[in-house]
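>>> sequence-free structure coming up:
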Ligand code: BGC
């Protein structure tokens, strides 16, 4: 054998080995792919007489009974594997890696699918995240939810939901993950921006309005993260301890409100509650959500790390694992076949998913959806309007604002954040709009040639001071960006990784910038950017103007200019308490293994302890002034299952038109159990022309006074005298007060509040 021949043998052998290895690896990956391949080309089509999803009549509003009947018919045709197949996302980790690395797509660029069954024609769930807009593709970027909460404007929320619903449908989605309603118990929470504020009542009302807009377009809404997901960095491990009253009265009412209003789905959270991961938590999923509240929809896990024990999760009431079947795959099916998971649990999960698919994916659409809806002119204008209605004027000494365009020759704009696209965090809620109007661009465009806009990023203090000195007015933009607060994704490189805030105030250099610049120009206004309360004790007294702008979306800069120059009168109010001392906040540990969530936080804590916050919950100024008078109740008493009409007169006593948020609280001065001093139970936004007076009416249901009695496992209203407080903020000085009595002792509503 010549050397040449031997070499040829060796090369052939190595090649063969490589081929065998590649084939083996491919086989291994294919075999270990945990998703059950009911959707593969090898699946035989169903026969003619088999009932399929496509046999359900289209374009009709089906009754719940009809939906149930069709779901049962489909279930009867399905194999066990097909039922389990409904219970997870249709992709595998490799698909995701390929999408991001080879195809260079961003996360959730297209809808994430779950439960496509070709044999029976069952369409998949097609998921897009939110809540800042639609995460898929390049969609309209609205102000973050925390900003929108500060608008206290339910109609606005509904219109944003409507726009989001349209943009999802126009891009092939049918399932929206943007109904985030975790309670803000501490402003350092990294994902504060995704929720609406610290009050359960407000959270529920806002999210219902958004949901109604979205679901109108036959897009299933998903309420998340159920439950007690209010610390970010520790979210994968923290075990939240909570007593039953705190759970039912503080952390769950907004979820119940969405269930009552017909939310399609609920997402379980990553954290544990009382020792069990929420995706495996039978008490939260089966007992409270499905039994006590009668939820008819399905529960899906939070993504990738939301389930650890599939058998436990299925028994506990988790219906779908997203976005890949790490637990609900082949081994799980085998476990079901061995009888380790009751078949009823699988039937129940499949039934719940099918019910929602039948309900949403067979009824008629209110309109046609095409690509021109995405980032349409109407939607970007809505984004601007939302920013305008969300900004909160916190300080305006001597009527410094609005600025007068006619008198302004030079405007100094200072701060790094004035000149960057800062729409919020870079986690799963990130929306990728085609453009963002920064504060600087918005001000420049607004002023055009009428004034000289000088920009300093603030790195050089001396230059910043000089430009402030030479200007007629100064706008300092300060606060946070995605590197300061956001979703914690450990695999992501810094600074995108996000997490809880490390500080409640401005960065020291920015605080120093404000302190240095303010004395140079008495007309200095600080515009704050961030996702929740920012403490400002160290510089607050040095400036006469403070505007909370939040992360204000793709049209934020346009909105900012229109507010600062008075084209728009600010009408936002805080949905978070801004403390004057961190000691006024409940304990917070971003790395906690275990933590107790107490009954009090935010304004209820400040009220109870007599704290003086820097700016209270519900607070916000206008360029005009409002006066409240003539608070009256329809009767001096109410039955425990009755309601009272509450009316109040609100007058615009200033020099220009404006909108006022009217807030209604209830108080419990004679309670036999521990209660907060007051609780928000109603709000509305009213537009008043100069000198105009309107009567504002609320309906107060006695059951909204209830507390949860853990011994009896039901809600109770006490037969005592209660207070109703109405006004323009939660501060006692801003509230009118009246009293009424509840007539008899009686449990209300059993296990449900509604
Ligand atoms: C987040 C969820 C989000 C999901 C899908 C998770 O990391 O916690 O809020 O809906 O990803 O994008």
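Alright, I've got the coordinates. Not measured: the values here are computed from a predicted model.
>>> Residue of the stretch 351-500 of the chain closest to the ligand, please.
Relative to the ligand, the nearest point of the stretch 351-500 of the chain is residue 428 (3.4 Å; CB to the nearest ligand atom). The C-beta positions use only the backbone N, C-alpha and C, and glycine is treated the same way.
>>> now that residue, nearest residue through space, not along the chain?
The spatially closest residue to residue 428, leaving aside those adjacent along the chain, is residue 129, at 5.1 Å (CB to CB, 6 or more residues apart in numbering).
>>> same deal with residue 312?
Nearest to residue 312 is residue 280, by CB to CB, 6+ apart, at 4.6 Å.
>>> quick one, what contacts the residue of the stretch 351-500 of the chain closest to the ligand?
107, 108, 129, 135, 177, 303, 487, 489 (CB atoms under 8 Å, 6 or more residues apart in numbering).
>>> For the ligand, what is the nearest residue in the stretch 501-650 of the chain?
Closest residue of the stretch 501-650 of the chain to the ligand, CB to the nearest ligand atom: residue 531 (14.5 Å).
>>> Mind pulling the model confidence for that residue?
Listed pLDDT for residue 531 reads 98.
>>> separation between the residue nearest to the spatial centre of the chain and the ligand?
Nearest to the mean C-alpha position of the chain, by CA atoms, centre = their mean, lies residue 180 at 2.8 Å. Using CB to the nearest ligand atom, to the nearest Å, we find residue 180 at a distance of 7 Å from the ligand.
>>> quick one: that residue and residue 148 touch, right?
No: the pair residue 180 / residue 148 is not scored as a contact, 11.3 Å apart, by CB atoms under 8 Å.
>>> residue ranges of the helices in the stretch 601-750 of the chain, please?
Taking DSSP state H, counting those that start in this stretch as the test, the helices found in the stretch 601-750 of the chain are 602-609.
>>> Could you list the low-confidence segments of it?
745-750 (pLDDT under 70).
>>> The ligand contacts on the stretch 301-450 of the chain?
Applying CB under 6 Å from any ligand atom, we find that the stretch 301-450 of the chain lies next to the ligand at 302, 303, 428.
>>> contacting residues for residue 19?
When contacts are counted by CB under 8 Å, 6+ apart, residue 19 touches no other residue.
>>> I'd like the mean pLDDT over the strand or helix carrying it, please.
Following DSSP states H and E, one finds residue 19 within helix 3-32. The average pLDDT within helix 3-32 is 85.
>>> Quick one: name whatever helix or strand follows it.
According to DSSP H and E, the helix or strand after helix 3-32 is helix 64-77.
>>> What are the contacting residues of that following helix?
With CB under 8 Å, 6+ apart, helix 64-77 has contacts from 46, 50-53, 56, 62, 83, 120, 122, 296, 347, 350-351, 354-355, 358-359.
>>> roughly how far apart are the closest residue in space to residue 285 that isn't next to it in sequence and residue 309?
Closest residue to residue 285 apart from its sequence neighbours, by CB to CB, 6+ apart: residue 317 at 3.4 Å. Note on residue 317: its distance to residue 309, by CB to CB, to the nearest Å, is 13 Å.
>>> Who has more neighbours out of these two?
Per other CB atoms under 10 Å, whichever of residue 317 and residue 309 has more neighbours is residue 317, with 27 against 14.
>>> If you drop the residues flanking it in sequence, what lies closest to residue 113?
Leaving aside its chain neighbours, residue 113 sits nearest to residue 124 (4.0 Å; criterion: CB to CB, 6+ apart).
>>> Run through the residues that contact that neighbour.
Contacts of residue 124 (CB under 8 Å, 6+ apart): 90, 113, 114, 115, 116.
>>> most neighbours, which of those?
Neighbour max across the contacts of residue 124 (other CB under 10 Å) = residue 114, 25 neighbours.
>>> Quick check: it touching residue 122?
No: assessed by CB under 8 Å, residue 114 is found out of contact with residue 122, at 10.8 Å.
>>> got any residues that touch both of those two?
Shared contacts of residue 114 and residue 122, defined by CB under 8 Å, 6+ apart, comprise residue 86.
>>> hmm, back to that, and which of the residues of the stretch 301-450 of the chain next to the ligand is nearest residue 527?
Residue 527 lies nearest to residue 428 out of those, by CB to CB, at 27.3 Å.
>>> ok, and the closest non-adjacent residue to residue 45?
residue 119 (6.0 Å).
>>> How many residues are close by that neighbour?
17.
>>> what's the answer for residue 85, then?
Residue 85 has 26 neighbours, counted by other CB under 10 Å.
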